[in-house]
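Asker: Sequence and computational prediction follow.
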Amino acid sequence: MGRIFVTGIGLISAIGDTAAANRQSLIAGRSGIGSAVHLRSKYTGSLPFGEIKTSTAALSGLLMTARPEATRTDLIALHALKAAIDDARLSEQDLRKSSTALISASTVGGMCLTDQMYADANADTASGSPYLGAYSNSASTLFLQSLFGIGGIINTFNTACSSSANAIMYGARLLQQGLAERVIAGGTDSLAKFTINGFNALMILSDMPCRPFDNARKGLNLGEAGGFIVLEKEENITPSHTVYAELKGFGNNNDAHHPSSTSENADGPYLCMLGALQSAGLRPEDIDFINAHGTATENNDETESVAMLRLFDKVPAFASTKSYTGHTLGAAGAVEAIYSILNLHHQEVYPSLNFETPIEKTALIPVQTYQERPLRHVMSNSFGFGGNCSSLVFSKV
């Protein structure tokens, strides 16, 4: 079925509006978590967020004509997708082919406009709300398809925090089955009152910058981001392509334990990592680095640590980049896949931030300093609500 290569990347997050800017922040250990400026919420004064520093109005500058229905989620996606397309040197003709697929992911969608919809719902008007069509989590995918005229298979994933990892996995399967020659895969989410209030109700938001894998961790910080990669089949690669990495394997599993927690013995995380290794034809000892899901919540960090200890005789170097960006929900899998690709492409490891004391039960210690080191295979973990767990394995080319 041939190998699958990454030939384009596009990224915007709290630590930079390009993949290169994100890398420089990761190297410098510079977090983007802090006070929100663009978000309107009663929690902006008390909770830190991984907010993109660009205003919604400035993000709309990429539009050729005014699109008042475009949400912040849409515009973040547009920024990242256009960067990935440009990086892969895809032409308008390439995009319009039926062999070019777009697989995206989002959990927030247009829910960032909940207040506007509510106001419209209570207004005395027969015209309905213009925000209704933008409210779906798939609205950003349709927005991108309409702008770029992408001619192949279009789909949207919403499996909570594993959404865009699953979008990448699904895109790879389309290539393997001959249903596409190239796939643009990733995800987008913006900060929204709906998700902030929801996570606050779960009592898992930290009032300080998050501390993944630390024994004193208090919870996660919500963030926003967009990330897309271009996947192409080996037979389509030419000398003009920039090949960043190979998507070597992937796995998905569900421990069916709890709506928002993984089981104590970490069956879902363990099985998805094992499945990714089997798909890649690799052994546990072949993995050189893990970009951990690492949300800094009490349950996640402990169960992910348990899963790593179950799978690896010697746990490889690992870190959580959510200490830079916050948890970007549906975009997290794609953002962290890109960071894993940058690990391989530049042969370097980015540290976790804010770590002091290991979790008492597992005693694992993440990487705490920037390191240049030889890497062959990197695993990226994304574990979602409902126990939906996914792992991707990228390899050096």
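Answerer: Yep, it's here.
Asker: Apart from its chain neighbours, what residue comes closest to the spatially most central residue of the chain?
Answerer: In the chain, the centroid-proximal residue (Cα atoms, centre = their mean) is A332; its distance is 2.2 Å. Take A332 and drop its neighbours on the chain: the residue closest to it by Cβ to Cβ, 6 or more residues apart in numbering is C161, 5.6 Å away. Heads up, the C-betas are built off the backbone N, CA and C, glycines and all.
Asker: Helix or strand: which one has the residue nearest to L342 when sequence neighbours are not counted?
Answerer: Of all residues not flanking L342 in the chain, R23 sits nearest, at 5.4 Å (Cβ to Cβ, 6+ apart). For R23, the host element (DSSP states H and E) is helix 19-28.
Asker: Contacts for the helix or strand just after that helix next, please.
Answerer: Following helix 19-28 in sequence order, the next helix or strand is helix 56-59 (DSSP H and E). Contacts of helix 56-59 with the rest of the structure, by Cβ atoms under 8 Å, 6 or more residues apart in numbering, involve 38, 52, 72, 75-76, 78-79.
Asker: ok, and for helix 56-59, which residues are buried?
Answerer: 56, 59 (16 or more other Cβ atoms under 10 Å).
Asker: now swap in stretch 186-200 and tell me
Answerer: Across stretch 186-200, burial judged by 16+ other Cβ under 10 Å covers 186-196, 199.
Asker: so how far does stretch 59-77 reach from one end to the other?
Answerer: From its first residue to its last, stretch 59-77 covers 10 Å (Cα to Cα, to the nearest Å).
Asker: Adjust the sequence numbering to begin at 9 for everything that follows.
Answerer: Got it, first residue is 9 now, which makes that one stretch 67-85.
Asker: Return the mean pLDDT over it, rounded to an integer.
Answerer: Taken as a whole, stretch 67-85 has an average pLDDT of 88.
Asker: Tell me the gap between that stretch and the middle of its chain.
Answerer: 20 Å (Cα atoms, centre = their mean, to the nearest Å).
Asker: and N273, what pLDDT?
Answerer: 83.
Asker: Does it touch L317 like I think?
Answerer: No: with contact defined as Cβ atoms under 8 Å, N273 does not reach L317; the gap is 10.7 Å.
Asker: which of the two has more neighbours?
Answerer: A side-by-side neighbour count of N273 and L317, using other Cβ atoms under 10 Å, places L317 first with 17 against 14.
Asker: in which helix or strand would I find that one?
Answerer: Using DSSP H and E, L317 falls in helix 306-319.
Asker: what does S106 give?
Answerer: Short version, using DSSP H and E: S106 is in no helix or strand.
Asker: Look up how far A188 lies from it.
Answerer: 9 Å (Cβ to Cβ, to the nearest Å).
Asker: how about the strands in the protein?
Answerer: Ranges of strands in the chain, per DSSP state E, are 12-20, 108-113, 162-165, 190-197, 233-241, 253-262, 297-299, 325-327, 356-357, 379-380, 385-391, 396-403.
Asker: ok and the first one relative to strand 396-403, angle-wise?
Answerer: Taking axes from the mean of the first three to the mean of the last three Cα atoms, to 10 degrees, one finds that strand 12-20 is oriented at 110 degrees with respect to strand 396-403.
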